[in-house]
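Enquirer: fold the following.
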Amino acid sequence: MQLLSAIFKLIVLVAIQLIIEQAPQLLLGNPEITVNLSFIFVLNCGFLLFTINYRWFYILQYISLAIYAIVLVPQLFFFNMFNFYARMNYIFLSPGNFIIAFVYLLIATAVISGIVWVQVKLMKSMGRHIYVMPVFAGLLLIAKLVAPTAEFLSARAIPLSAKKSDAISNAASKDTEPGEPIVPWRKLYIDYIGNNNIEQIQKDYNKYSKGKTSITPYQCNTTDDETTASMAPTMQYLYDTNAKKDFLVLMESWGELAEPKEQEKLMRHIQDLFKKHGSALAQQYSLEMGRTCFHGNTSSAEGREMLNMNDEESYRAFLERGVKPTHNITEYKNQNGYHTIAGFTASKQYGSNSSNAEGFRRALGFKSRFYYEELSKHYPDNKENTYKAVFDENLIDIILNESKRYEKVFAYALTINTHTPFRLDVKNNIDGKYYYKVKRDLFKSFKENQQAYDQFYRIASIIDHTFKRLAEGAATATAATSAPAPTATTSVTATPFDRILIIGDHANPDFRTRGLYNMKTVPFLIIRRKNSGGNNLVTMP
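Expert: Numbers count the residues shown, from 1 in each chain. Reported below is the predicted structural model:
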């Protein structure tokens, strides 16, 4: 009877451990779930064959969970743990914004401590039958060496005929979906023993250690990225002198949904936003949509679009050691007589410990630069995340107005309002019934995930604001063409932008919504003025 009691306690102990280790995957909605026990937990169980010093089990288990957290948090929000810790200066720039994060950290520490304490209590209560734990550990090791990883497919992973697939897609657009699978995962793996993210830590370090030394050119491939490209969209569409005024907008946390048909719905919604601004906009501008791969965080995306680089390490090599990339669009535009403008809604101090947002834009060669420090004197603060920033729409207005002073312009804006942790400013950013209409007309996942919808709504509102300003410029230009010939004192530089590229930096990393997104690609829009000379893809110089 005591042996059965010990086995039952072992089952409870293992169940607790599995919940701890699998919970993040389930919370994130990962399409592939791997069930295993951490290597350190199994090792701890084996130690009990030689000692009954439970204190060591407690200490090692706590270290194991701490390592898991140290790796997990950066992977959720910065895609590389070492790059994450290089940005700890954010806390000192605005410590008040991180109070809630510190509270969560204390709560998590207390919960983990309590869980490990419960585990130790269960072991102690096994008495002389504690040996069942090392026996269990031995069986797991044998299973790992002998048995292959078990793989199970959910209903969503089973290929369907085209007819049945269309039927399910049609059902998905309705509020009731009787045939919807209960489980969100597509594949379930039973892998017996994990490695406590040691492999991931090693990969992160190897990537980080390459920084400051070399640059990897941008490259997508079909296998890893689901698309093929050797040039970032900015290089493809704007790296030339065919147009007088170009504008690049890098949209924070604008990712591509994992379900292609749902992503199509969102892009059609953006097309509708473009069309609603009247005939002048549609007559003068064309709107096209595309996608490209991404590799890392916002800094990586800045390097991707400005320098045709592939990762954060290349960004650091350029910024910290002055390694010269093969392409620098700002430098190229400067050499060809353009006035270059860069704007960032947040503080110029944000960035890695070794430099900051201002340092990167200065190194790129931008002649005019705007940041929170200047913008906050004229515009109210945005409160939708932990960053000191004004509203992204204000930055777009500033850049559009500044561009009117010059005949040839290349402008770049990095948004920040939709950065995680994001909370929609209901008072200032909801357009009444329109907010609820869009949510109702779009797809089921948004109905179940308020956070995901709010973030997309906010991104769409910034894009729509850009359309609105462009439409106003188009209407003015149309009126000007029908007006009398200009006098000698009439400005000839106040022309609208010829091309605007709006592109996502990376998928939304927030754990509450991350499972909805394709973590390999980001969408983009290219808006081009008709008959401006800049409607063809660029042949790289």
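
Enquirer: check which helix or strand residue 412 maps to.
Expert: strand 409-414 (DSSP states H and E).

Enquirer: who touches that strand?
Expert: Contact partners of strand 409-414, identified using Cβ atoms under 8 Å, 6 or more residues apart in numbering, comprise 238, 244-250, 252, 298, 302, 306, 329-330, 333, 338-345, 357, 366, 392, 395-396, 399, 402-403, 497, 505. In this view, the C-beta of every residue, glycine as well, is placed from N, C-alpha and C.

Enquirer: how about a cut-off of 6 Å?
Expert: Contacts with strand 409-414, where a contact means Cβ atoms under 6 Å, 6 or more residues apart in numbering, come from 245-250, 333, 338-344, 395, 399, 403.

Enquirer: burial count for the closest residue to residue 221 other than its chain neighbours?
Expert: Nearest residue to residue 221 in three dimensions, chain neighbours excluded: residue 228, at 6.1 Å (Cβ to Cβ, 6 or more residues apart in numbering). Neighbours of residue 228 under the rule other Cβ atoms under 10 Å: 12.

Enquirer: coming back round to it: how far out from the middle of the chain is the strand holding residue 412?
Expert: Distance of strand 409-414 from its chain centroid, counting by Cα atoms, centre = their mean, to the nearest Å, is 21 Å.

Enquirer: thought residue 62 was touching residue 116?
Expert: Yes. Residue 62 lies in contact with residue 116 (Cβ atoms under 6 Å); the separation is 5.5 Å.

Enquirer: the two - which one has more neighbours?
Expert: A count of neighbours by other Cβ under 10 Å puts residue 116 above the other of residue 62 and residue 116, at 21 against 16.

Enquirer: helices or strands next to the helix or strand containing the more buried one in the packing?
Expert: In the assignment (DSSP H and E), residue 116 maps to helix 99-124. With contacts taken as 3 or more Cβ pairs under 6 Å, 6 or more residues apart in numbering; DSSP states H and E, helix 99-124 sits against helix 2-28, helix 54-77.

Enquirer: got the CA positions of the strand holding residue 412 in PDB?
Expert: This file holds the C-alpha atoms of strand 409-414, laid out as PDB (Å, rounded to 0.1, in the frame of the first residue of the first chain):
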ATOM      1  CA  VAL A 409      13.100  63.700 -50.000                       C
ATOM      2  CA  PHE A 410      13.700  60.300 -48.500                       C
ATOM      3  CA  ALA A 411      11.900  60.000 -45.100                       C
ATOM      4  CA  TYR A 412      11.800  57.200 -42.600                       C
ATOM      5  CA  ALA A 413       9.500  56.800 -39.600                       C
ATOM      6  CA  LEU A 414       9.600  54.000 -36.900                       C
END
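
Enquirer: what strands line up against it, and which way round?
Expert: Applying DSSP bridges, strand 409-414 is found paired with strand 245-251 (parallel), strand 339-344 (parallel).

Enquirer: average pLDDT across the last one?
Expert: It refers to strand 339-344. For strand 339-344, mean pLDDT rounds to 97.

Enquirer: following that strand, which helix or strand comes up?
Expert: helix 357-364.

Enquirer: now that following helix - C-alpha only, CSV.
Expert: Extracted in CSV, the C-alpha atoms of helix 357-364 (Å, rounded to 0.1, in the frame of the first residue of the first chain):
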residue,chain,number,x,y,z
ALA,A,357,18.2,55.3,-31.6
GLU,A,358,19.9,58.6,-32.3
GLY,A,359,23.2,56.9,-32.8
PHE,A,360,21.9,54.6,-35.4
ARG,A,361,20.1,57.3,-37.4
ARG,A,362,23.1,59.5,-37.2
ALA,A,363,25.4,56.7,-38.4
LEU,A,364,23.0,56.1,-41.3
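
Enquirer: relative to the whole chain's centre, how far out is it?
Expert: 22 Å.

Enquirer: identify each buried residue in that helix, please.
Expert: Neighbour counts using 16 or more other Cβ atoms under 10 Å place 357, 358, 359, 360, 361, 363, 364 of helix 357-364 among the buried residues.

Enquirer: helices or strands up against the helix or strand just after that helix?
Expert: Using DSSP H and E, the helix or strand that follows helix 357-364 in sequence is strand 368-370. Strand 368-370 sits against strand 339-344, with contacts defined as 3+ Cβ pairs under 6 Å, 6+ apart.

Enquirer: ok, which stretches of the stretch 151-300 of the chain are helices?
Expert: Residue ranges of the helices in the stretch 151-300 of the chain, as given by DSSP state H, counting those that start in this stretch, are 162-172, 198-209, 222-225, 233-238, 260-275, 279-284, 298-307.

Enquirer: out of those helices, the one nearest residue 427 is which?
Expert: helix 260-275 (22.1 Å; Cβ to Cβ).

Enquirer: just checking, what packs against the closest one?
Expert: helix 450-482.

Enquirer: strands paired with the helix or strand just after the helix it packs on, and their directions?
Expert: Where DSSP H and E defines the elements, the next helix or strand beyond helix 450-482 is strand 499-504. Applying DSSP bridges, strand 499-504 is found paired with strand 245-251 (parallel), strand 521-529 (antiparallel).

Enquirer: so of those strands, which one's packed in deepest?
Expert: When those are scored by mean count of other Cβ atoms under 10 Å, the highest mean neighbour count falls to strand 245-251 (a mean of 25).

Enquirer: ok so, going back, tell me which residues of the helix or strand just after the strand holding residue 412 come out buried.
Expert: As assigned by DSSP H and E, the chain's next helix or strand after strand 409-414 is helix 426-429. Buried residues in helix 426-429, defined by neighbour count with 16+ other Cβ under 10 Å: residue 429.

Enquirer: pLDDT (mean, whole number) over helix 426-429?
Expert: 76.

Enquirer: then it to CSV, C-alphas only?
Expert: Extracted in CSV, the C-alpha atoms of helix 426-429 (Å, rounded to 0.1, in the frame of the first residue of the first chain):
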residue,chain,number,x,y,z
VAL,A,426,-10.0,53.6,-25.6
LYS,A,427,-10.5,57.3,-24.9
ASN,A,428,-8.4,58.6,-27.8
ASN,A,429,-8.3,55.9,-30.4
